[in-house]
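Engineer: here's a sequence, model it:
(one chain, ligands or ions: 3)
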Amino acid sequence: MSLRWQAALLDPSLAGGWAVVHCRQQFLVDDSGVLFPRDWLKRLELPLLSEQGLGHFDGEPVFLFELDFPAEVPGARWQGLRQFMQQADQDLFRLLGYATQIGTWVSQHRFCGSCGSRMQARAGERAMYCPACGVQHYPRLSPSMIVLVTRGDELLLARSPRFAVGVYSTLAGYVEPGESVEQCVAREVREEVGVEIHSPQYIASQGWPFPHSLMLGFHAEYAGGEIVPQPEEIEDARWFHIDNLPALPARQSIARYLIELYLARRLGRPEPVLPG
Ligand SMILES: NC(=O)c1ccc[n+]([C@@H]2O[C@H](COP(=O)([O-])OP(=O)(O)OC[C@H]3O[C@@H](n4cnc5c(N)ncnc54)[C@H](O)[C@@H]3O)[C@@H](O)[C@H]2O)c1
Ligand SMILES: [Mg+2]
Ligand SMILES: [Zn+2]
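Structural biologist: Ligands and ions are numbered 1, 2, ... in the order given. Model (predicted):
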């Protein structure tokens, strides 16, 4: 794991450092990039919901300005997190992914879900706390499974209507209360494409900030059934031969890694590395 970006609990009452400005999965950028001198930002009178100390980038302290709405700033524009994933280096993307998750969580936990009082950031740990009833919330994570289903030289890949034109990917879905991740894999595969699988094999995991998933990645062998795409969720699903694959998901995604790893093992090529 690279050392350029390290999360840390920094005290926002300290002066100086850099800051990123986030609102609804978008960041403020100007010609110098996405990191702004923090003291300069403070003079702009932005619609600030919360300020959080995030950690260190290249050894420098970085803070988050979480905004109520995407305010106009002369000379700057708003850019989505997905675009940073595609264009920025991996360390900067990890910093921004972390900032997005903390910002989204803080802005969605301003009031206590139990008694309605205003929540406070807790000193000493990354938590929101209700002083009236004691409820405490930690950053939200949603366990999700992602699986590459295979049949020898064939890969089962599917398209969601949300995907870029022509792109097919592995199947994914959220874990439900009471089920194991393995049960979730079998259920989601059955629901999304109507196919049965053998026991899934755990491969690797990845934090995924769209919006707060923890992806648990598997390989699974086909056991039976014909493909029946789930209406609305799955636009198309097919078996693709390894010599004739469609456009695939982003290089940084675990979906891509699961596919590349299977190809490498099948074809006797060096195994890929999952971006950290
Ligand atoms: N990193 C990767 O390679 C990769 C690839 C594919 C999907 N993903 C991620 O996997 C996650 C799940 O994939 P999906 O969209 O196919 O899920 P899914 O198949 O479970 O369907 C999504 C639906 O689940 C419901 N939902 C939303 N949030 C939920 C939650 N926290 N718990 C339970 N249900 C919820 C909503 O009705 C939503 O429309 C998403 O966050 C997606 O971004 C990551
Ligand atoms: Mg799904
Ligand atoms: Zn409360």
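
Engineer: which residue sits closest to the closest residue to ligand 2 within the stretch 151-276 of the chain, ignoring its sequence neighbours?
Structural biologist: Closest approach between the stretch 151-276 of the chain and ligand 2, counting by Cβ to the ion: Gly173, at 4.2 Å. In short, each C-beta sits where N, CA and C put it, glycine included. Counting by Cβ to Cβ, 6 or more residues apart in numbering, Glu188 is the residue found nearest to Gly173 once chain neighbours are left out, at 3.6 Å.

Engineer: A helix includes that neighbour, no?
Structural biologist: Yes: checked against DSSP: H, G, I helix; E, B strand; the rest coil, Glu188 lies within a helix.

Engineer: quickly find the element holding the residue of the stretch 151-276 of the chain closest to ligand 2.
Structural biologist: Gly173 is located in strand 171-174, with elements delineated by DSSP states H and E.

Engineer: what's the single longest strand in the chain?
Structural biologist: Criterion DSSP state E: the longest strand present in the chain is strand 213-224.

Engineer: is Ala132 in contact with Cys112, as I believe?
Structural biologist: Yes: if you go by Cβ atoms under 8 Å, Ala132 and Cys112 touch, sitting 6.8 Å apart.

Engineer: more neighbours: these two, which one.
Structural biologist: Just comparing Ala132 and Cys112: by other Cβ atoms under 10 Å the higher neighbour count belongs to Cys112, 21 against 12.

Engineer: number of residues surrounding the closest residue to the more buried one other than its chain neighbours?
Structural biologist: Once flanking residues are discounted, Cys112 sits nearest to Cys130: 3.8 Å by Cβ to Cβ, 6+ apart. Using other Cβ under 10 Å, Cys130 has 20 neighbouring residues.

Engineer: Cys130 contacts Ser114, correct?
Structural biologist: Yes: Cys130 is within contact range of Ser114, at 6.8 Å (criterion: Cβ under 8 Å).

Engineer: give me the neighbour count for Ser253.
Structural biologist: Ser253 has 22 neighbours, counted by other Cβ under 10 Å.
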